[in-house]
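K.L.:
got a predicted structure here, sequence first:
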Amino acid sequence: DDAIVSRFQEYLRINTVQPNPEYYKAVDFIISQAKPLSLESQTIEFVKGKPLLLLKWVGSDPTLPAFLLNSHTDVVPFEDSKWTHHPLQAHMDHHGDIYARGSQDMKCVGMQYLEAIRKLQASGFKPLRSVYLSFVPDEEIGGHDGAEKFAESQLFKSLNIAIVLDEGLPSPTESYRVFYGERSPWWLVIKAKGPPGHGAKLYDNSAMENLLKSIESIRRFRASQFDLLKAGGIAEGDVVSVNMAFLKAGTPSPTGFVMNLQPSEAEAGFDIRVPPSVDAEALERRLVEEWAPAARNMSFELGQFKQKLTGKQFLTAADDSNPWWGLLENAVKEAGGRTSKPEIFPASTDARYFRKAGVPAFGFSPISNTPSLLHDHNEYLGKAEYLKGIEVYVSIIKAYASYESKSGSRDEL
Ligand SMILES: CSCC[C@H](NC=O)C(=O)O
Ligand SMILES: [Zn+2]
Ligand SMILES: [Zn+2]
C-alpha cells in the first residue's frame with residue numbers, strides 16, 4: 001500500500017497547473033507506470049506541446065468493442081498561501097489525508113485506473129475486450145486541444161469504443177455519485193452603453209444604469225433557480241446556475257478611478273450552466289429581451305462556450321436499456337460500494353465530447369465520505385479512500401472487460 005500511495009504522490013507532485021502545465025513530465029511519468037504492465041502506448045499531439053497519451057490493454061477478442069477510461073492530466077491553479085500544505089507537495093497528514101491540487105480532480109482517477117490494471121494482471125485476469133486509457137490535456141480550459149479533438153478524430157472512431165468512463169464528483173455520503181449528462185456552459189458577457197456625463201447629474205440611460213437593470217434582472221432569475229434548489233426535491237444539475245464572474249466599468253486614472261464622470265461603457269460577465277432539460281431557446285429569448293435588450297443600449301456575447309448540449313442525444317441512458325449501466329452499478333456493489341441515483345453533472349467534463357461523438361459516457365470518481373473540494377483550497381483525498389477506489393475499478397474493469405455480449409457496440413446504443 002505504501003508503494004501505491006507513493007506513486008500517487010509522485011504524480012501529484014508533477015506541476016501540471018494551468019496555464020503552463022508540464023505535460024511531457026506527466027506523460028513520461030504515466031508511460032513509466034505503464035511499462036511494467038506491458039500496455040501498448042502512443043502519444044498524440046493534436047496540438048503541439050499538448051500531448052495526449054493513449055494506452056491499450058489488448059483484449060483477447062478483437063471483434064468486441066472496447067471501452068475507454070479517460071482522465072485529464074492538467075489541474076487548476078491555486079493560492080498556495082491559503083493551503084495548510086503546499087498543493088504540489090502531496091503531503092500526507094497523520095489521518096492519512098493527502099493534500100494536493102489534483103488529488104480529487106482528477107489525478108487520483110488516472111492513477112487508480114493503472115493501479116487497478118496492475119492488480120488485475122497480478123491476479124492473472126485476462127481481458128476479453130480491449131481496455132483503453134486516455135490521459136488528456138487541457139480539460140480545465142475547455143478541452144478543445146485535448147478530448148474534443150480526440151473524440152472527433154478518425155483515430156477515436158477506429159478504436160470502436162462502446163463506453164467511456166470519465167470524472168465524477170466526490171460524495172459526502174457513503175454512496176458514490178454517477179453522472180449521465182452535464183449542464184451546458186454558457187459564458188455570457190453583457191455590455192451596456194450610454195451617454196457619459198457629470199457625476200453630479202441625474203439622467204436616464206447611462207451605461208451603469210442600463211447594466212445594473214440587467215444585473216438586477218439576472219439576479220432575480222438566479223434567486224428563482226436557487227430557491228428551487230433550496231426547496232429541495234431537485235438536484236443541483238437540474239437547475240440553471242448563474243454566477244457573476246466579473247464587472248468592468250469606470251474611467252481609470254493614476255490614483256484609482258475618476259469619480260465625477262459617469263462612464264459611457266460598462267460590462268459584466270456571467271458563468272451560466274444550463275441543464276439538458278431546460279428549454280435553451282426560451283433562455284436565449286430571456287437573454288435577448290430582458291438581460292441585454294438592444295432597446296436599452298445593451299449587447300451580449302456568448303464567448304467560446306455556448307454549447308448547446310440540450311436534448312436527449314447528450315444523455316447516456318442510466319437504466320436497463322444500457323447494459324453498461326447495470327454492469328457499473330453491479331461492479332460497484334461487488335466491491336462493497338453503492339451508487340446513488342444518477343445525476344446531471346453540474347459543471348463540464350470531457351465526457352461531453354465523447355457523448356457528442358455518439359458514445360455513451362458515465363462520470364464517476366470513486367470517492368465517498370469526502371467533501372467535494374474540486375478547485376477549492378486544501379483539496380485532499382484520504383489514503384484509505386484512494387485504495388478503496390482502486391478496488392472499485394478492479395471490479396468495474398473486470399466486469400466491462402469480461403462482458404461477452406456483442407451488444408453494446410456503439411451503433412446499437
Ligand atoms: C466550460 S469549459 C471548462 C471546464 C471546467 N471543467 C471543470 O471544472 C468547467 O468550468 O466546468
Ligand atoms: Zn476534472
Ligand atoms: Zn476541474
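P.N.:
Perfect, I can see it now. Residues are numbered from 1 along each chain as shown. Ligands and ions are numbered 1, 2, ... in the order given.

K.L.:
so who does Gly389 touch?
P.N.:
108-109, 112, 365-367 (C-beta atoms under 8 Å, 6 or more residues apart in numbering). For every residue, glycine as well, the C-beta is placed using N, CA and C.

K.L.:
which of these sits closest to ligand 1?
P.N.:
Ligand 1 has its nearest neighbour among the contacts of Gly389 in Ser365, at 12.3 Å by C-beta to the nearest ligand atom.

K.L.:
just give the closest residue to that closest one, not the sequence neighbours.
P.N.:
Gly168 (4.3 Å; C-beta to C-beta, 6 or more residues apart in numbering).

K.L.:
does that neighbour touch Ser372 like I think?
P.N.:
No. Using C-beta atoms under 8 Å, Gly168 makes no contact with Ser372, being 10.0 Å away.

K.L.:
which one's more surrounded, the two?
P.N.:
Remark: of Gly168 and Ser372, Gly168 carries more neighbours, 24 against 18, as counted by other C-beta atoms under 10 Å.

K.L.:
quick check: that one is in a helix.
P.N.:
No. Gly168 is assigned coil when assessed by DSSP: H, G, I helix; E, B strand; the rest coil, not a helix.

K.L.:
near ligand 1, which residues of the stretch 51-200 of the chain?
P.N.:
140, 142, 185 (C-beta under 6 Å from any ligand atom).

K.L.:
now those residues in TSV, with pLDDT and secondary structure?
P.N.:
Converted to TSV, these look like this (pLDDT from 0 to 100; DSSP: H, G, I helix; E, B strand; the rest coil):
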residue	pLDDT	secondary structure
Glu140	97	helix
Gly142	92	coil
Pro185	89	strand
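
K.L.:
show me where pLDDT drops low in the protein?
P.N.:
Filtered on pLDDT under 70, the chain yields the residue ranges 304-313, 407-413.

K.L.:
up against ligand 2, what does it have?
P.N.:
Counting by C-beta under 5 Å from the ion, the chain comes close to ligand 2 at 105-106, 167.

K.L.:
from the residues you listed, which would you call buried?
P.N.:
By neighbour count, with 16 or more other C-beta atoms under 10 Å, the residues of the chain next to ligand 2 hold 105-106, 167 as buried.

K.L.:
nearest to ligand 1 among these?
P.N.:
For those, the closest approach to ligand 1 (C-beta to the nearest ligand atom) belongs to Asp105, at 7.3 Å.

K.L.:
quick check: the closest one is in a helix.
P.N.:
No. Secondary structure of Asp105 (three-state DSSP): coil, not part of a helix.

K.L.:
quick one, what contacts the residue in the stretch 201-350 of the chain positioned nearest to ligand 2?
P.N.:
Across the stretch 201-350 of the chain, no residue is closer to ligand 2 than Thr349, which sits at 6.1 Å (C-beta to the ion). For Thr349, the contact set (C-beta under 8 Å, 6+ apart) comprises 139, 166-167, 179, 182, 363.

K.L.:
picking up where we left off before, for Arg118, state which of the residues of the chain next to ligand 2 is nearest.
P.N.:
Closest approach between the residues of the chain next to ligand 2 and Arg118, by C-beta to C-beta: Met106, at 18.7 Å.
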